[in-house]
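Colleague: Sequence plus predicted model, see below.
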Amino acid sequence: MDISDLVWRKSTRSSGNGGACVEIAHLPQAIATRDSKSPDGPRILLARDEFAALVTTLKH
């Protein structure tokens, strides 16, 4: 799968925050993240377990 073919989504909780959103896209073995204000900018790929650990850390 080419990264340009990814389907990106924003959290429904991101509305009304002045555009400060992170988008994610699912890959078979990873989660891709990017800044919604810069869709052609850098992307970060995290293994699914790494992404889950990041979300858990951010929640605490």
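Modeller: Done, it's in.

Colleague: burial of Glu23, as a residue count?
Modeller: 19 (other CB atoms under 10 Å). Every C-beta, even on glycine, is put in place using the N, C-alpha and C of the backbone.

Colleague: helices and strands around the worst-scoring helix or strand of the chain on mean pLDDT, which ones?
Modeller: For the chain, counting by mean pLDDT, DSSP states H and E, strand 9-10 ranks last in confidence among helices and strands (a mean of 89). Where contact means 3 or more CB pairs under 8 Å, 6 or more residues apart in numbering; DSSP states H and E, strand 9-10 is packed against strand 22-26.

Colleague: Note down every partner strand of the strand it packs on and its orientation.
Modeller: strand 9-10 (antiparallel), strand 30-35 (antiparallel) (DSSP bridges).

Colleague: Please name whichever of the ones you listed is nearest to Arg48.
Modeller: Checking the strands paired with strand 22-26 against Arg48 by CB to CB gives strand 30-35 as the closest, at 6.2 Å.

Colleague: how far out from the middle of the chain is that closest one?
Modeller: 3 Å (CA atoms, centre = their mean, to the nearest Å).

Colleague: Could you give me the buried positions within it?
Modeller: 30-34 (16 or more other CB atoms under 10 Å).

Colleague: Export the strands paired with strand 22-26 to CSV and append columns for distance to Pro42.
Modeller: Output for the strands paired with strand 22-26, formatted as CSV (distance: least, CB to CB, whole Å):
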stretch, distance to Pro42
strand 9-10, 17
strand 30-35, 7
